[in-house]
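Enquirer: structure, please.
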Amino acid sequence: MGPVSAASLYHIRKSLNFSNLLIVFVCTGNTCRSPMAEGIFRALDGETRTGLRAQSAGLFACDGMPASENAVLAAKGYGADLTAHQARQLTPEIARAAKYLVCMTAAHYDRLVEAFPWAEDKVFTLAGADVADPFGGTLETYEACAAQLKEAVEALIENLEKQG
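Expert: Reported below is the predicted structural model:
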């Protein structure tokens with residue numbers, strides 16, 4: 001049997017439904033940063049490249065809320081489609097199912113570890129610096145956030161590929 005491509009491996013893993021093959025991007029309300037990060041991860045082919053299914057959730061989300069209009073527009077600039085996004089609260093079940101919980105800020109990290117201390121070994125921040133919350137800002141504010149997310153998500157995917 002010859003080598004297995006990353007795309008084939010992804011589809012094999014997905015069909016087996018391994019729950020620990022989930023990466024969850026976490027922010028406050030799950031309407032701006034984390035849905036943009038999730039969408040950009042997918043747009044950069046992160047699911048195929050890493051074998052991880054991307055999702056997002058919020059620490060204080062109102063379930064069912066759409067992504068903010070400016071988040072949809074800013075993410076679209078990077079090939080991500082957030083039009084069907086519905087916010088959801090991060091639950092213990094989601095945290096248990098995830099291989100990685102990727103926070104937008106150090107404060108999110110602290111709150112998540114406080115809420116789910118048993119998950120600490122799989123909680124990380126996305127970037128070296130906090131990803132500023134664009135909530136309520138102009139489209140330009142959201143575009144700057146999306147640019148920061150794209151750079152950080154790209155680095156994350158590359159690091160996950162190296163871990164193999």
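Enquirer: rest of the way, CA atoms for contacts and neighbours
Expert: Noted.
Enquirer: regarding the residue nearest the centre of the chain, what is its secondary structure?
Expert: Compute the mean C-alpha point of the chain, and by C-alpha atoms, centre = their mean the closest residue is residue 25, 2.9 Å away. Judged by DSSP: H, G, I helix; E, B strand; the rest coil, the three-state class of residue 25 is strand.
Enquirer: what's the burial count for residue 93?
Expert: For residue 93, the count of nearby residues is 8 (other C-alpha atoms under 10 Å).
Enquirer: just the residues contacting the longest helix anywhere in the chain, thanks.
Expert: When the chain is parsed with DSSP state H, its longest helix is helix 139-163. For helix 139-163, the surrounding residues in contact (C-alpha atoms under 8 Å, 6 or more residues apart in numbering) are 33, 36-37, 40-41, 44, 46, 49-50, 70-71, 73-75, 78, 126-127, 131-134.
Enquirer: before we move on, back to that, my guess is the residue nearest to the centre of the chain contacts residue 42, does it?
Expert: No: between residue 25 and residue 42 there is no contact under C-alpha atoms under 8 Å: 12.0 Å.
Enquirer: what do the two both touch?
Expert: The contact sets of residue 25 and residue 42 overlap at residue 54 (C-alpha under 8 Å, 6+ apart).
Enquirer: hang on, the earlier thing: quick one: buried residues of the longest helix of the chain?
Expert: Neighbour-count burial for helix 139-163 flags 139, 141-143, 145-150, 152-154, 156-157 (criterion: 16 or more other C-alpha atoms under 10 Å).
Enquirer: picking up where we left off before, state the distance from the residue nearest to the centre of the chain to residue 47.
Expert: Separation of residue 25 from residue 47 (C-alpha to C-alpha, to the nearest Å) stands at 13 Å.
Enquirer: what's the overlap in contacts for the two?
Expert: Residues within reach of residue 25 and of residue 47 at once, by C-alpha under 8 Å, 6+ apart, are residue 54.
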